[in-house]
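**Student:** just need the structure, nothing else, for what follows:
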Amino acid sequence: MLLNGKTFMSDTKYWIALDMVKGMGPANLRLAHESLAASGLSARDIFDLAEDEIVKEFRLSEKIAKAVTEAKKNVLRVEDELSWLGESGVEIILFFEKRYPQRLSNVLKNTAPPVLFVLGNSALLDEHGAAILGDINVSAKGALLASLAAKELVSYRIMVISGMAQGTDMIAHASALQHEGSTIAVLPFGMRHFKMPKALEAFYDERRMLFVSTFYPDREYSIFNSYERNRIIVALSRAVFIVEAPAEGGIFEAGKSAKSLDVPLFVAEYASYPKSASGNETLISEYKGMPVRGRKEGELVVPNLDKLIAKVKFSE
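**Tutor:** As a prediction, this is how the structure comes out:
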């Protein structure tokens, strides 16, 4: 059975319904899109076909064909979610759209999240940014470092990228916004659980901030989500600055991700490490983290981020 090739302006709900099928995965979604795009067709078209027709006409695997059958059960639920998202001002960006950040595709390849849910200025996804990460229970010195680092980065028009936890994340976002910079916050839960943090209320500017989630709207917070969130932060960033990382946990794993994903890693070096930075030395010695030392500027000792800034500014 040959289909009449017709391009539809939007078949978002069909791609989301497919992505929701357990075991489908980003790689299979990309194979399906490549096959359909080559024929000038949309996901909507294969939802009208039987499994054997999908395999025969598009040479797609039986696994993908079966996923389409399962995905049909998800369409109504997805329509309800899309309605809520639209009313809430949340945009959806699919993996094949021009708006999708090329950085994510380049770094994560077939493991890049197929769907992004974003609130704020989505154009920020195209800007060069650096991550500032650290412990929730950041020390007083670490809090100052995070604030000064964010101020330094935005003075060079480098966007700050971080999570949504209290402590280092909020300090970095607030400082970036306070000093007229831009920032992206990556969420460890779906958009239905999002609330504007009180720490950002005084500084929030929708033109200079973007909230990003790779999770479906009703997904609640979990430790697994926070680890995945940190991997996305690293992949979006041209460099990563870890202020304080305990010897184990999400921030330490983010440092390891930077090494495995070949993202330049910078780590604050202390004369005496607080407990909240007990993993910093290991990240420097075993994971090739470049030590960030302080330099005197007036009465302040500020983090020397010259090498990090150069990495970001001159990266492709």
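
**Student:** which elements pack onto the helix or strand that contains F224?
**Tutor:** Assigned by DSSP states H and E, F224 belongs to helix 223-236. Helix 223-236 sits against helix 102-108, strand 129-134, strand 159-162, strand 183-186, helix 250-260, with contacts defined as 3 or more C-beta pairs under 8 Å, 6 or more residues apart in numbering; DSSP states H and E. C-beta coordinates here come from the backbone N, C-alpha and C atoms, glycine included.

**Student:** between the ones you listed, which one is closest to I309.
**Tutor:** I309 sits nearest to strand 129-134 of all those, at 8.1 Å, using C-beta to C-beta.

**Student:** ok, the closest one: who's next to it in the sheet?
**Tutor:** Under the criterion DSSP bridges, strand 129-134 sits next to strand 159-162 (parallel), strand 239-244 (parallel) in its sheet.

**Student:** how about a markdown table for these, with mean neighbour count and mean pLDDT added?
**Tutor:** Formatted as a markdown table, the strands paired with strand 129-134 follow (neighbours: other C-beta atoms under 10 Å; pLDDT from 0 to 100):
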| stretch | mean neighbour count | mean pLDDT |
| --- | --- | --- |
| strand 159-162 | 29 | 98 |
| strand 239-244 | 29 | 98 |
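
**Student:** now render the ones you listed as TSV, adding distance to S222.
**Tutor:** Shown next, in TSV, are the strands paired with strand 129-134 (distance: least, C-beta to C-beta, whole Å):
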stretch	distance to S222
strand 159-162	19
strand 239-244	22
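
**Student:** A27 is in contact with P114, isn't it?
**Tutor:** No. Using C-beta atoms under 8 Å, A27 is not in contact with P114; the gap is 9.8 Å.

**Student:** hmm, back to that, adding distance to K313, write the helices and strands packed on helix 223-236 out as a markdown table.
**Tutor:** Output for those, formatted as a markdown table (distance: least, C-beta to C-beta, whole Å):
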| stretch | distance to K313 |
| --- | --- |
| helix 102-108 | 15 |
| strand 129-134 | 10 |
| strand 159-162 | 12 |
| strand 183-186 | 18 |
| helix 250-260 | 18 |
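
**Student:** roughly how far does the closest residue to G129 other than its chain neighbours sit from A130?
**Tutor:** For G129, ignoring the flanking residues on the chain, the nearest one in space by C-beta to C-beta, 6 or more residues apart in numbering is M159 at 3.5 Å. M159 sits 8 Å away from A130, going by C-beta to C-beta, to the nearest Å.

**Student:** quick one: average pLDDT of stretch 264-274?
**Tutor:** Average pLDDT, stretch 264-274: 95.

**Student:** from the chain's centre, how far out does that stretch sit?
**Tutor:** 24 Å (C-alpha atoms, centre = their mean, to the nearest Å).

**Student:** buried sites along that stretch?
**Tutor:** P264, L265, F266, V267, A268, E269, Y270, P274 (16 or more other C-beta atoms under 10 Å).

**Student:** and those residues, which is closest to P217?
**Tutor:** Distances from P217 to the buried residues of stretch 264-274, taken by C-beta to C-beta, are shortest for L265, at 32.4 Å.

**Student:** quick one, phi/psi of the closest one?
**Tutor:** Dihedral pair for L265: phi -110, psi 130, per degrees, to the nearest 10.

**Student:** A27 and P114: which has the busier surroundings?
**Tutor:** More neighbours surround P114 than the other of A27 and P114, with 22 against 13 (other C-beta atoms under 10 Å).

**Student:** which residues touch that one?
**Tutor:** P114 makes contact with W15, D19, P26, L29, R30, L94, F95, according to C-beta atoms under 8 Å, 6 or more residues apart in numbering.

**Student:** so which of those residues belong to strands?
**Tutor:** By the criterion of DSSP state E, membership of these in strands covers L94.

**Student:** G255: which of the contacts of P114 is nearest?
**Tutor:** Distances from G255 to the contacts of P114, taken by C-beta to C-beta, are shortest for P26, at 24.1 Å.

**Student:** please consider this matter closed, and thank you.
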